[in-house]
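A.B. asks: Compute the structure for the input listed below.
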Amino acid sequence: MNDIKMTEPIQRAVAWIDETRRDHPERSLVSLLAEAGMRFNLGPNDGRFLERFFQSGGSSEIREESESP
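C.D. replies: Numbers count the residues shown, from 1 in each chain. Model (predicted):
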């Protein structure tokens, strides 16, 4: 997961997905990832990163830890 740096658009997408999952738990991760890709203009590698990130239990609370070198 360390092959892509948590850029600002990815950080914003993580925060948006976290918030949306809390507000709308019925929404699937697949649909949220697709929408986040469009909303934040993410590329395919960014989308794969987000998918792995959330499948491994990631959330915005650990976002800052991912940024450290």
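A.B. asks: okay, CA-based contacts and neighbour counts for the rest of this
C.D. replies: Noted.
A.B. asks: if I pick R21, what's in contact with it?
C.D. replies: R21 makes contact with R27, according to CA atoms under 8 Å, 6 or more residues apart in numbering.
A.B. asks: try 6 Å
C.D. replies: By CA atoms under 6 Å, 6 or more residues apart in numbering, no residues touch R21.
A.B. asks: Check the offset of the one helix or strand it maps to from the chain's centre.
C.D. replies: If you go by DSSP states H and E, R21 is part of helix 8-23. Remark: helix 8-23 is offset 6 Å from the chain centroid, using CA atoms, centre = their mean, to the nearest Å.
A.B. asks: just stretch 41-60 next, same as before
C.D. replies: 4 Å.
A.B. asks: How about residues contacting it?
C.D. replies: 14-15.
A.B. asks: Tell me the buried residues in it?
C.D. replies: Residues 42, 46-47, 49-51, 54, 58, 60 are the ones in stretch 41-60 that count as buried (16 or more other CA atoms under 10 Å).
A.B. asks: same question, stretch 8-26
C.D. replies: Under the neighbour-count criterion of 16+ other CA under 10 Å, stretch 8-26 has 9-18 buried.
A.B. asks: Present those residues as TSV; the columns should include pLDDT and distance to S31.
C.D. replies: Putting the buried residues of stretch 8-26 into TSV (pLDDT from 0 to 100; distance: CA to CA, whole Å) gives the following:
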residue	pLDDT	distance to S31
P9	94	18
I10	95	16
Q11	94	18
R12	96	17
A13	97	13
V14	96	14
A15	96	15
W16	97	13
I17	97	10
D18	95	13
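A.B. asks: quick check, nearest of those residues to R27?
C.D. replies: I17 (10.2 Å; CA to CA).
A.B. asks: Could you find the closest non-adjacent residue to that closest one?
C.D. replies: L32 (6.4 Å; CA to CA, 6 or more residues apart in numbering).
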